[in-house]
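> sequence plus predicted model, see below.
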Amino acid sequence: MTTPSTLDAKDTVTQKEEPPASTMNIRELLTHNLRQSGILVAFVAIVALFSLLHPNFLSPGNITNIVLQYSYILILAIGMIIVIIGGHIDLSVGSLVALTGATSAVLVVQNGMPWYVGALAALGVGILAGMWQGFWVAYVGIPAFIVTLAGMLIFRGLTFLVLDNISLSPFGGTYYEIANGFQNGLFGGRGVDVFTLVIFAIGVAGYAVNSWRGRRAAIRYKQEVVGLPLFVLKIVLVAAVVMWFAYQLATSRGLPNVLILLAFLVLIYGLVTQRTVFGRNVYAIGGNLHAAQLSGVKVKKVNFLIFVNMGLLAAVAGIVYSSRMNGAQPGAGNMFELDAIAACFIGGAAVTGGVGRVTGAIIGGLIMAVMSNGMQLMGIDQSIQQVVKGMVLLLAVAFDVYNKRRAGN
Amino acid sequence: MTDSILQMRDITKTFPGVKALQDVNLDVRRGEIHAICGENGAGKSTLMKVLSGVYSHGSYTGQILLDGQEVRFSSINDSEEQGVVIIHQELALVPHLSVAENMFLGNERRGRLGLIDWRQTNADAAELMARVGLRENPVTKIGHLGVGKQQLVEIAKALSKDVRLLILDEPTAALNDTDSEHLLGLLRQLNASGVTCIMISHKLGEIASIADRTTILRDGRTVETLDMSGPDTTQDRIIRGMVGRDLEHRYPERTPQVGEELFRVEGWTVDHPSQTGRRVVEDASFTVRAGEVVGIAGLMGAGRTELAMSLFGRSWGHYVSGSTYLHGQQVRMRTVDEAIDAGLAYATEDRKYYGLNLIDDVRHNTSAAALDKVSRAGWVNGLEELKVANDFRRSLNTKTPSVLSPVGKLSGGNQQKVVLAKWLMTEPEVLILDEPTRGIDVGAKFEIYTIINRMVAEGKGVLVISSELPELLGICDRIYTLASGRITGELPRAEATQERLMALMTMEKETAR
């Protein structure tokens, strides 16, 4: 046989031609992932703008406030980004936040049960609701838009039933601490909580080590990486920003419980989406459903799990929200689904599915959060706030579409 | 001089990198039924698209004369205004609209104030339906009619546009025998009433029974136009005209080392998924042995892809009956999952739709069907995955800036290599390759053939579905022919010629065994 040798010959040629691990400069780094760096730049710009417009915007107290105020939207956005990557949508999460919060309020406030019974019941209700919607989407084949629109009505109705149309409060005690409590004072410190600083320092060190290992692996596999000075600069910059943020928290009330929860969720779901078979199947289904099916992906099972997971995270958000409000109201969580969906699309998800990242959704959510908070601080009218948020969503996606079209040409 | 309704002179149409038509001449006489035949890719449909204005004037070179006057169509509307109407193989009807609504879509019967006059619409529709012998209520939804009747609606629609020259692209491909007979009868009748017809068809028996003359195309050129009543005109002659070319590509050499039977299919029968009762694959039986390349030859619509996809975890159609065996043991493959586990792989003919996630990178596409090979307990080992993807990239010589590049940016040949890598990674025993070299250049084709040879050298069995007969003759050890969903023949390489294959591929139902 003569031909394999032909191929072999070509092989060696390609191997020689293979470029050595090359490095990117700062311009390439920014344009390498224009979408990601784009929203990051936008985020920094918005923060800078508000800090100029209002002196208290970057005060320790307000920074802590932003975290507490928008944590449940960020939690919802984590579940929502997975739903959207899979090519679906979930309109029911706002109602589900209300229903899960109501469930735990009935148990804890009305019947005096311990806080963890309420929390576990809420999680159970969330999972059940997710299974219900997942069943219709995955196994019956009804579009998620319809199923979750129905869910939005059903869960809202159930909330009214469970609460008997009245608000229940207060939770008090440990349940209240979930969203309003802080971890501090463990290592002491005068005016500055050392514990908070230590936790953040550990986080930053973990980030640095992980980045370094990733870079080494990339070099070993002959991938393009950023040059060493730029790499170090990036780490130092991130460390500086994060430690500054930690210092602000430390001089305020310490480390909020919800921030710990949020960090944990971001870490877990970052891994789930990027490193697990499940996560990869979600991208495959959203990217090309037919190809995924013909590759042996168990599409129904994956779709089912996507919605079960969304139900679970909606319940987590429901617990955090009811804890923060220190009670449950029939109208709670109204329009939360739209904030979560907007966070995902601002954060770079594609309407057609198959694209998006947990970190993107978080940054998208933070953009919404700082804008709302900043405009509130400045006393801008609620109606104007809505208009601005709508415009930001529209422009973010328009920027995305423009970029794609340019890349296509 | 004979009276020509249509003359197409020296039509040349190029697509990037391909000459689809080269100096094609077509002369259609007034009042005749003119058949056009040729292999898949011979340029029949392209020629009809040039004629009907789908490819507007200026995008091709050459002249089109209608009634001796040069015409320059820049859209379908232009050609329809002149009474040239084309009915595509894929019917362009809206299933949720009624027969009458479909008939006057874009050409609505309007009354006062520009509103649609429904009485007029339905009355006109009823009249046209009577002309084509369709006994249905004009308000019936199209979706409720069978394909045969839908075809009649299309013809009635054409009549509503005062058609003079009716072009039908494989009108009977999707029809059963009775519906085909009825349609051909209708064509004769329309013809008698003065409508000239051009009909593209693969069915030589049909052409013989209905056409006055036949033009044969091959590789984008006119071969000849035959008078069907002429004494020399035989089906053999048409077949010779369709296939008569030299093996123009080169194929890598291989010494066949055929072993034991690996894969056997018995009595495989499949129905269409949505058109109840339409049999697409009927009683197909065949074998693939270890180290053997087996070909399946069939024309468009013969049921090749349908056969392959239904075997591969019943991904297409309604399974009716039949069984599959691997190493002599019966295996059930009811899902794609089970098929992959059993050791089957299917590389699709439609890379973009069924094969690849174009927005994702080469690495992820490579591992898409075999993630379990690089993962443990649900966690993907990213470095291992990267390594495997790079290994395949090297061994298949895939030209990509990196395995992290989006697969959508690669050329067709390199995308095909990613598809092959994806299936090789599942370590299959039997690979079904559906049109593995469609739309890729000659150099890449040679590499694909080499990869096929390497697979069989490792003792795998390869089943190749292809429209290109020279390709099948160049790489296969044995070739089955498929026509109208039935296996009509089996030829070892030594006995196979393009002519014999084409004769089996165009065999019609009554004679098929």
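Thanks, I have it. Residues are numbered from 1 along each chain as shown, chains lettered A, B, ... in the order given.

> show the pLDDT at the nearest residue to residue A:149 once chain neighbours are set aside.
In space, and not counting its chain neighbours, residue A:149 is closest to residue A:91: 5.2 Å by CB to CB, 6 or more residues apart in numbering or on different chains. Glycine gets a C-beta too; all of them are placed from N, C-alpha and C. pLDDT, residue A:91: 97.

> next one: the one 4 residues further on
Residue A:95 carries a pLDDT score of 97 in this model.

> where's the host helix or strand of it relative to the chain centroid, distance-wise?
For residue A:95, the enclosing helix or strand under DSSP states H and E is helix A:93-105. Remark: helix A:93-105 is offset 20 Å from the chain centroid, using CA atoms, centre = their mean, to the nearest Å.

> surely the residue nearest to residue A:149 meets residue A:153?
No. In this structure residue A:91 lies outside contact range of residue A:153 using CB atoms under 8 Å: 9.7 Å.

> comparing the two, which residue is more hemmed in?
Neighbour count, other CB atoms under 10 Å in any protein chain shown: between residue A:91 and residue A:153, residue A:91 has more, with 19 against 13.

> OK, contacts around that one?
A:145, A:148, A:149, A:151, A:152, A:337 (CB atoms under 8 Å, 6 or more residues apart in numbering or on different chains).

> with residue A:298 instead?
Contacts of residue A:298 (CB under 8 Å, 6+ apart): A:281, B:337.

> gap between residue B:68 and residue B:30?
11 Å (CB to CB, to the nearest Å).

> actually residue B:300, sorry about that
30 Å.

> roughly how far does residue A:95 sit from chain B?
31 Å (CB to the nearest CB, to the nearest Å).

> surely that residue meets residue A:156?
Yes. If you go by CB under 8 Å, residue A:95 and residue A:156 touch, sitting 4.1 Å apart.

> kindly report the domain assignment for chain A.
A:32-184+A:254-404, A:189-252 (automatic domain parsing).

> hang on, the earlier thing: just the contacts of residue A:91 now: which is nearest residue B:466?
residue A:145 (41.6 Å; CB to CB).

> sorry, back to before: and the domains of chain A, which is most packed in?
domain A:32-184+A:254-404 (a mean of 20; mean count of other CB atoms under 10 Å in any protein chain shown).

> near chain A, which residues of the stretch 151-300 of chain B?
Residues of the stretch 151-300 of chain B lying near chain A by CB under 8 Å from any CB of the partner chain: B:252, B:253, B:254, B:255.

> you'd agree the first one is up against residue B:451?
Meaning residue B:252. No. Applying CB under 8 Å as the test, residue B:252 and residue B:451 come out as separate, 9.6 Å apart.

> picking up where we left off before, which neighbours do residue B:68 and residue B:30 share?
residue B:4.

> who has more neighbours out of the two?
More crowded of residue B:68 and residue B:30, by other CB under 10 Å: residue B:30, with 14 against 10.

> any chance of the contacts of residue A:91 in a markdown table, plus secondary structure and pLDDT?
Formatted as a markdown table, these follow (DSSP: H, G, I helix; E, B strand; the rest coil; pLDDT from 0 to 100):
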| residue | secondary structure | pLDDT |
| --- | --- | --- |
| A:145 | helix | 96 |
| A:148 | helix | 97 |
| A:149 | helix | 97 |
| A:151 | helix | 97 |
| A:152 | helix | 97 |
| A:337 | helix | 94 |
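
> mind listing what residue B:23 touches?
B:10, B:11, B:12, B:62, B:221, B:222.

> could you check how far the third one is from residue B:21?
Think residue B:12. 6 Å.

> any common contacting residues for these two?
Common neighbours of residue B:12 and residue B:21 (CB under 8 Å, 6+ apart) are residue B:60.

> which of those two has more residues huddled nearby?
Neighbours per residue, other CB under 10 Å: of residue B:12 and residue B:21, the larger number sits with residue B:21, 28 against 16.

> what kind of secondary structure is that one in?
Using DSSP: H, G, I helix; E, B strand; the rest coil, the structure places residue B:21 in strand.

> any idea what it is bridged to?
As for beta bridges, residue B:21 partners with residue B:13 under DSSP bridges.

> need the contact list for it.
Going by CB under 8 Å, 6+ apart, the list of residues near residue B:21 reads B:11, B:12, B:13, B:43, B:46, B:47, B:50, B:60, B:220, B:221.

> just the element for the first one, please.
With the criterion set as DSSP H and E, the secondary-structure element containing residue B:11 is strand B:4-15.

> tell me the contacts of residue 231?
I went with chain A, as the question did not name one. Per CB under 8 Å, 6+ apart, neighbours of residue A:231: A:211, A:215, A:225.

> the first one and chain B: what is the separation?
In other words, residue A:211. Counting by CB to the nearest CB - residue A:211 and chain B are separated by 15 Å.

> follow-up on the earlier one: strands - which of the contacts of residue A:231 land there?
residue A:225 (DSSP state E).

> need the nearest residue in space to residue A:128, chain neighbours excluded.
residue A:311 is the one closest to residue A:128 (CB to CB, 6+ apart), at 7.2 Å.

> then residue A:92?
In space, residue A:92 is closest to residue A:151, 3.3 Å off (CB to CB, 6+ apart).

> what do you get for residue B:35?
Here the residue nearest residue B:35, using CB to CB, 6+ apart, is residue B:211, at 3.7 Å.

> kindly report the residues of the stretch 301-409 of chain A close to chain B.
Going by CB under 8 Å from any CB, the residues of the stretch 301-409 of chain A near chain B are A:350, A:354, A:355.

> could you list the low-pLDDT ranges of the stretch 51-200 of chain A?
A:188-189 (pLDDT under 70).

> which regions of chain B sit below the pLDDT cut-off?
In chain B (pLDDT under 70), the answer is B:1-2, B:16-18, B:40, B:244-249, B:441-442, B:509-513.

> domains of it?
Split by automatic domain parsing, chain B gives B:4-243, B:258-343+B:429-513, B:359-427.
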